[in-house]
Structures are given as C-alpha cells and as structure tokens.
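Undergrad: output the structure for:
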Amino acid sequence: MVLNCAIMIVAPIPANESERLKELYKYELLDSANEADFDQLAQLASQICQVPISTITLIDADRQWFKASVGVANSEGERSTSFCGHAIMQRDMMEVNDATKDERFFDNPLVLGDPNIRFYAGMPLITDRGYNVGTLCVIDRVPRQLTPEQNFALRVLTNQCMKLLDLRLKNKELQQSAAIQSKIISIVAHDVRNPMASLKSILELREQNIISEDEANEMLAMSSKQLTSTINMVNNLVDWGKLLLKVKTPIRQPVLLRKLVEDCVAVNEVAFELKNNEFSNLVDGNLVVETDPQALQFIIRNLLVNANKYTENGAIKVLATSSDGWIQIMVSDTGIGMEAATIEALNSGHKTYSTPGTKDELGSGLGLSLVKEFLDKIDGIMEISSAVNIGTSVSITLLEQPAV
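TA: Here you go, the predicted structure:
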C-alpha cells in the first residue's frame, strides 16, 4: 500500500456542527469534575479490550475533552489531530487496526509521537436526537484487532455511557423542576394570597360597619389594583407552565410578525385607552421569523403591558428590522423611563424587580423574569435602554431562520 505524503488529514467537521454543539452543551459536562460512574466505564473498557488506554471523549468546537480516561495524563487535546474527531463522522464503530498503514493517520502526530497510537476503536456517543457528541474509545500502542466479544462489549459499554449521560441530564431537569415548583409556590403564597386576604378583610370590615361605605369603596379601589396585577401574574404563570410542558425544544414555525403584534395589542387595547396611550404597529406586513409563536407572543405581550404600565398620555410603538439573518423587535414608549441602577437590577436577573406604574399599578416583577426564560428557550437576546422622563426601549434579537 502506498500512502499519500500530503499534509495530514485533519478531523472533519460535521455538516450539522452548530446543532451538534448545542446538543453537547445541553449536557453541561465539559470541564466537569470526575465522576465514578464514568471512570468505571473507561476502566472496564480498558480491561475488557486489554488495552493501556481508553477514554470517554466529548468533541468540543476545537478540542477533544476526556470525561474519563485510563492511561492518559492530559484532560484534553486538539480536535484537529484527534481520532475521535474522525469517529464522530460515523454512525457505527470506527476501528483502525494499524494507524501507520491508514491514509488518515500515518503522519498524525499522535502516531509519530506520544502516545504512539497504532490501534484505535471508537464507538460514537449518539444522543436520542441523533447527534454524535463524542465517543467511548480504546487505544493500543501495537497493531491489533478487536475480538467479536470485545467489539460487542465496547458497544454495550457505549450504550451504558449514553444512558449515564441521559440520566445525568434528567436529574438536572428534575432539580430545575423542583426549583420551578418552589418558585411558583412562593409566588402564589405571597402575591395571590395577600390581595385576596385584603379583599376579604375589607368586606368583613364593611359587613360589621367598622368602616363607612365611602371608606370601603376607597379601599376596594386600591384592592382592585392589586387584583389586576395578580390576574396578570397568574396569566403569566399559566403561559409559562404551558411552555415548560411542551417539548424541550420549542416548535419553530414561520411567524408573520405584524399579525402576531396585532394579536398581542388586541388584548391590551382597553388598557391603552384607559391611560390615553397611542399605539403604533410599525412592523412590516411581510416580515417573517421562524420561532415558537407562543413564546414570542408571551414576550411581546409582557413588554407591551410593561410599556403601558409606565406610560400615560404618551405613545407606545413596536417596530422590527431585518439584517444579516437577524431580526430585531423593539417595543418603545414615551413613559417615565428608568435610571441606570434600575436597568442594572433588571439585567442582573438575580431576583424579580418591580416598581409601581404611573397609576400606582402594582406588580411582582415576575413578567420580565419569565420573559428572560422564554427568550432562553428560543435563543433570543434582550437589551434595555432608557432615560428618565424620556422613555424606554426594549429590543429582542432573534435568528430570522434558525438552522435545523
């Protein structure tokens, strides 16, 4: 066999690399601490295949990183020279019996120098969505071939490794679910119970003639503001729950932006009129974005509610621009605006943040917190700019046509 003396063949990049990396990052494994379950799988692979080196390898953008390894001192290496980078291009096991006689690897630095690879067998780690995120591989310094029993065992161990990855992800999701339930219970306990308790107290005081009718009416007006805020918050929680119950990856479909904005405005028209705010939908009638319509509707509706809350006798408008494959949607108002410290608090995301509106409307700060979570679901970015007594602009940026 005559080998080509050209420059080494680097590990190729899959056509779906961007989506593959997103799938990999979802597991949050890169640079994580050693875990006994993965270490034991690597050790078992080494023992069964009778080789000095074995690794559970994850292929990052420009490196290979070892979640577990036997016989390897480093925790990572270059992707371009990696055997595993080639292995993830396949749907089945890649076995190299003698790297010095393989056109892809004979001049590879890992063959010419340490660790002097001669034999390699790697089985891709394939997620349930079909993405190859890494491999379970075994390596030897002498040419050889797996026995049928070893081949079978490596496949079984790879399957177990993938199950471990999925179990780790499920545990993380359960922890997040518990945190979500805790948040909802906390919100309901405080923001729903309190206004209901206040209303009950007012009615009891009036029934016992402890307060006059005028006093009761004044207090009921205040309670009404609290209940309106509570209703909005409950609507947010319901929509949020619906999205969380959907598939993990939101359904993307073409969305006509102007029509979606019109639908959001329809449920807020009365609120705009009550505060004498003029609304303008400046979105081009032909502008389309591929995204989850329910998530985007939730986001825009909440931004409109906020704009109206802090604006009176003013103007609210929505416009959108398309550039270089990105769409930016902006909701702006001529309201009371915000100081820099307030914007910083909103952007920090550490806790919900709310201030009374122009008519002392109350809020829990939950809406904007959930908007950020929805944006994360659809890979959106939010920016806030504001000036006191001039107004506020909130822009969200989305990919016009996300890769599939």
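
Undergrad: you'd agree residue 255 is in a helix?
TA: No. In this structure, residue 255 is strand, not part of a helix, as judged by DSSP: H, G, I helix; E, B strand; the rest coil.

Undergrad: and it, what does it touch?
TA: 288-291, 293, 296 (Cβ atoms under 8 Å, 6 or more residues apart in numbering). C-beta coordinates here come from the backbone N, C-alpha and C atoms, glycine included.

Undergrad: show me which of those is closest to residue 118.
TA: residue 290 (48.3 Å; Cβ to Cβ).

Undergrad: for that closest one, give its distance to residue 257.
TA: Taking Cβ to Cβ, to the nearest Å as the measure, residue 290 falls 11 Å from residue 257.

Undergrad: give me the more crowded residue out of those two.
TA: The neighbour count for residue 290 versus residue 257, taken as other Cβ atoms under 10 Å, is higher for residue 257 (24 against 16).

Undergrad: for that one, which residues are in contact?
TA: Residue 257 touches 283-284, 287-289, 320, 327, 329, counting by Cβ under 8 Å, 6+ apart.

Undergrad: those residues into TSV, with extra columns for pLDDT?
TA: Putting those into TSV (pLDDT from 0 to 100) gives the following:
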residue	pLDDT
283	94
284	93
287	93
288	92
289	90
320	94
327	93
329	95
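
Undergrad: show me the two of those residues that sit farthest apart.
TA: So, those by Cβ to Cβ: farthest apart are 288 and 329, at 12.5 Å.

Undergrad: with neighbour numbers in mind, choose between these two.
TA: Higher neighbour count among residue 288 and residue 329: residue 329, with 24 against 17, using other Cβ under 10 Å.

Undergrad: tell me which element that one falls in.
TA: Using DSSP states H and E, residue 329 sits in strand 326-333.

Undergrad: pairing partners for that strand, with directions?
TA: Strand pairing for strand 326-333, determined by DSSP bridges: strand 315-323 (antiparallel), strand 391-399 (antiparallel).

Undergrad: residue 173 is nearest to which of these?
TA: With Cβ to Cβ as the measure, strand 391-399 is the member of the strands paired with strand 326-333 nearest residue 173 (24.6 Å).

Undergrad: and for that closest one, what are the contacting residues?
TA: Strand 391-399 is contacted by residues 289-291, 296, 299, 303, 306-307, 310-311, 314, 325-335, 337-338, 375, 378-386 when judged by Cβ under 8 Å, 6+ apart.

Undergrad: now intersect those with the strands, please.
TA: 289-291, 326-333, 381-386 (DSSP state E).

Undergrad: circling back to that earlier point, what comes up buried for the strand holding residue 329?
TA: 327, 329-333 (16 or more other Cβ atoms under 10 Å).
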